[in-house]
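> whatever this is, show me its structure:
(one chain, ligands or ions: 1)
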Amino acid sequence: MSDATVIIAGAGQAGAQAAVSLRQEGFEGHIVLLGDEPGLPYQRPPLSKAYLMGKVEEPGLLLRAEKIYADQRVQLMPGERIESIDRAARTVRLASGQVLGYAHLVLALGAINRPLPAAGAGLDGVGYLRTLAEARDLRARLPNTKRAVVIGAGFIGLEFAAAARAQGIDVTVVEAAPRPMSRVLSEPMSRFLTARHEAQGVRILLNRTVSGLRGEQGRLSGVELDDGSVLEADLAVVGIGVLPNTALAQAAGLAVDNGIVVDENLLTADPAISAIGDCAAFPCAYSSQGLMRLESVQNAVDQARCVAARLAGKPAAFNAVPWFWSEQYDVRLQMAGITSRHDQAIVRGTPEENAWSVFCFRDGAFLGAESVNKTADHMAVRKLLAAGVALTPEQAADPSYDLKLAVAAIGK
Ligand SMILES: Cc1cc2nc3c(=O)[nH]c(=O)nc-3n(C[C@H](O)[C@H](O)[C@H](O)COP(=O)(O)OP(=O)(O)OC[C@H]3O[C@@H](n4cnc5c(N)ncnc54)[C@H](O)[C@@H]3O)c2cc1C
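Numbers count the residues shown, from 1 in each chain. Take a look at the predicted model:
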């Protein structure tokens, strides 16, 4: 691989990291980083937070300055869409007609918004929030928005709700499940976030789905719910999840199962193709749920580093501890581990003081924790999980049990 070409398909969080990490790991071959969005690779997390609130401008979103790609001898090709992969010839064909050869192809294609299956979804005033272009459009609309409806109480929907509410907009969130983020958050945390939003004046309607969007002269005027009621709205933001970009891989004959299937080394069944980030379904060392797909900066960055090390001749199985964060009002939520299947949630600290954690267990086995403004808990949990320390429910429930000491004891 030393003088070979690595093509990285998708210039998002994972792709940009893979390019830079390849050089850091000592790879001396040719690196091509191509993606279909215009401009330099940027961060998505601020799109639903600081950028939406006007606290950061577009240059502040860039993952790295342009000079770094040049210094690292990365051939950056923005605005280029890969249309097909020829695995036998080891080439990719771009929409521009160009054909590029590779020794190794890293698929870092991310995901697209799950479209709202309702009439009127194409009206002016109905938006999504994944790309900079979409965030730019929403940010420009906020000053003229009186009433916004957020469809889906996931992280992006709730972060948008918080940002819009902070700008004085009347916000209603519509969620099909009985509580926000029921699949990823514990009940106490979900209740806490709901209360936090309601205290700020956001209305959260649970067990409700959107049956259609109403418009006047092509512009959104209201959101119709399954009980027949209509919420007046001049802006609706759809946040009902994403679909991984698997079509290219599938058309090339690679296995797809809610993501491009890879092994513990993040390699597909084709030894010349890896997949990383939001588009990859991998066997997660911290979950017994079979293949998993994670949508987080940590996952994108750590998987990129793992593949870069392998391509530079230092193979190792991927086993980074999963973690994630969200920001809403004065709540900095940090999660470590895969806690979705917990059957016991133990609260440590005081929610009333806005600094606390929920420790999650299944059949007594420690899965991870959710922390609000408790970075020390979060960091300790990441270290305990990485070291395989089996924290017990009794220890988590005991306020005098010192997590710092438990971390200090690792390896002793
Ligand atoms: C609004 C928002 C807020 C978020 N907040 C957080 C947060 O607070 N914390 C956190 O951990 N995570 C957060 N995330 C998730 C995180 O940003 C993603 O998990 C991460 O960006 C995934 O990186 P990726 O490289 O796999 O995919 P992406 O960053 O999506 O990059 C994939 C790129 O591939 C391109 N592409 C797709 N198909 C092709 C093709 N055929 N040819 C060429 N290019 C193609 C796409 O256009 C895209 O640019 C947030 C995401 C969003 C959208």
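
> how many neighbours does the residue of the stretch 301-412 of the chain found nearest the ligand have?
Using Cβ to the nearest ligand atom, residue 324 is the residue of the stretch 301-412 of the chain that sits closest to the ligand, at 4.6 Å. Just so you know, the C-beta spots here come from the backbone N, C-alpha and C atoms, and that holds for glycine as well. Counted with other Cβ atoms under 10 Å, residues neighbouring residue 324 total 18.

> assumed it was part of a strand.
Yes: under DSSP: H, G, I helix; E, B strand; the rest coil, residue 324 sits within a strand.

> so who does it touch?
296-298, 334-335 (Cβ atoms under 8 Å, 6 or more residues apart in numbering).

> equivalent analysis for residue 366, please.
Here residue 366 is in contact with 337, 359-360, 384-385, 389-392, 396 (Cβ under 8 Å, 6+ apart).

> what's the lowest-pLDDT member of these?
Ranked by pLDDT, the contacts of residue 366 bottom out at residue 390, which scores 91.

> which of the contacts of residue 324 has the most neighbours?
residue 335 (25 neighbours).

> ok so that one is a strand residue?
Yes: counting by three-state DSSP, residue 335 is part of a strand.

> change the start of the numbering to 199 and stick with it
Understood, numbering begins at 199; the last thing we discussed is residue 533.

> and it, what pLDDT?
For residue 533, the model assigns a pLDDT of 98.

> can I assume it is in contact with residue 523?
Yes: using Cβ atoms under 8 Å, residue 533 is in contact with residue 523, at 7.3 Å.

> circling back to that earlier point, report pLDDT for the residue of the stretch 499-610 of the chain closest to the ligand.
pLDDT, read off for residue 522, is 98.

> bridging residues for it?
Following DSSP bridges, residue 522 is listed with bridge partners residue 533.

> and residue 345, by the same measure?
The partner residues for residue 345, given DSSP bridges, come to residue 368.

> what of residue 423?
In beta-bridge terms (that is, DSSP bridges), residue 423 pairs with residue 408.

> what does this structure put close to the ligand?
207-213, 232-235, 242-243, 245-246, 279-280, 306-308, 327-328, 354, 443, 446, 475-477, 493-496, 498, 522-524 (Cβ under 6 Å from any ligand atom).

> switch the cut-off to 5 Å
Selection of the chain residues close to the ligand by Cβ under 5 Å from any ligand atom yields 208, 210-212, 233-235, 242-243, 245-246, 279-280, 306-308, 327-328, 354, 443, 475-476, 493-495, 498, 522.

> buried among the contacts of residue 564? Make that a ChimeraX selection.
With 16 or more other Cβ atoms under 10 Å as the criterion, this ChimeraX line picks the buried residues out of the contacts of residue 564:
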select :535,557,558,582,583,587,589,594
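
> in a markdown table: the contacts of residue 564, plus secondary structure and distance to residue 262.
Formatted as a markdown table, these follow (DSSP: H, G, I helix; E, B strand; the rest coil; distance: Cβ to Cβ, whole Å):
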| residue | secondary structure | distance to residue 262 |
| --- | --- | --- |
| 535 | strand | 29 |
| 557 | strand | 36 |
| 558 | strand | 35 |
| 582 | helix | 32 |
| 583 | helix | 29 |
| 587 | coil | 35 |
| 588 | coil | 39 |
| 589 | coil | 37 |
| 590 | coil | 43 |
| 594 | helix | 39 |
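
> any chance of the contacts of residue 564 in CSV, with distance to residue 486 too?
Converted to CSV, these look like this (distance: Cβ to Cβ, whole Å):
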residue, distance to residue 486
535, 12
557, 18
558, 14
582, 18
583, 14
587, 18
588, 15
589, 17
590, 19
594, 20
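
> phi, psi of residue 417?
phi -110, psi 140 (degrees, to the nearest 10).

> near it, how many other residues are there?
11.

> that one against residue 322, yeah?
Yes: using Cβ under 8 Å, residue 417 makes contact with residue 322 at a distance of 4.9 Å.

> the nearest residue to residue 246 once chain neighbours are set aside: neighbour count?
Closest residue in space to residue 246, ignoring its immediate chain neighbours: residue 357 at 4.0 Å, by Cβ to Cβ, 6 or more residues apart in numbering. Around residue 357 there are 22 other residues, counting by other Cβ under 10 Å.
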